[in-house]
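Peer 1: coords please:
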Amino acid sequence: MVEEANREQLVADFINRRVWAVVGVSQDRSKFGNRVFRTLREAGYVVYPVNPRGGEVEGVPVYPSLADLPERPEVVDMVVPPAVTEQVVKEAHRLGLTRIWMQPGSESEAAIAYCREHGLEVVYDTCAMVHKRRWD
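Peer 2: The predicted structure is shown next:
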């Protein structure tokens, strides 16, 4: 039960952060990366889309990497395959980012272990869209 309480506290801390990066955003509105991006923005979060292809999504410039963002996100939300997550958590650590949310399907044991071994807070096995809060 202690682990579940800690997890809920961690989720609450993450969702109360206002600046997020969504890694794996897509221009395709039916894709999960686009839905997460839109849902968080509609809830009042500042959300930076990240995808190596660049371009724009929903009228917002897409950044090729976390290093290219104009400000440090408080939460890095992963919507990518597990092998990509494993690389992005390393980039996040190099950049001094400390909160990683792995959307269902993006997590891997290796990425979770990396986060824990390097002092990154990590949420996984739950969707940010379910827990988001509304900002007024």
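
Peer 1: OK, contacts around R17?
Peer 2: By Cβ atoms under 8 Å, 6 or more residues apart in numbering, the contact set of R17 is 74-75, 99. For every residue, glycine as well, the C-beta is placed using N, CA and C.

Peer 1: now do P73
Peer 2: 19-21, 48, 66, 97.

Peer 1: do that again at 10 Å, thanks
Peer 2: Residues near P73 by Cβ atoms under 10 Å, 6 or more residues apart in numbering: 17-23, 45-48, 50, 66, 92, 95, 97, 99.

Peer 1: which one among the contacts of R17 gets closest to Y114?
Peer 2: Using Cβ to Cβ, R99 comes nearest to Y114 of the contacts of R17, at 14.1 Å.

Peer 1: I'd say that closest one and H93 touch.
Peer 2: No - if you go by Cβ atoms under 10 Å, R99 and H93 don't touch, sitting 11.4 Å apart.

Peer 1: more neighbours, the two?
Peer 2: Legend: neighbour count by other Cβ atoms under 10 Å for R99 and H93, higher for R99 (20 against 17).

Peer 1: helices - which of the contacts of P73 land there?
Peer 2: With helices taken from DSSP state H, the overlap with those comprises A92.

Peer 1: selection in ChimeraX covering whichever of the contacts of P73 are buried, please.
Peer 2: Buried residues within those, by 16 or more other Cβ atoms under 10 Å, are selected in ChimeraX with:
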select :18,20,21,22,23,45,47,48,50,66,92,97,99
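
Peer 1: mind putting the contacts of R17 in a markdown table, distance to P82 and pLDDT included?
Peer 2: Output for those, formatted as a markdown table (distance: Cβ to Cβ, whole Å; pLDDT from 0 to 100):
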| residue | distance to P82 | pLDDT |
| --- | --- | --- |
| E74 | 23 | 98 |
| V75 | 19 | 98 |
| R99 | 19 | 97 |
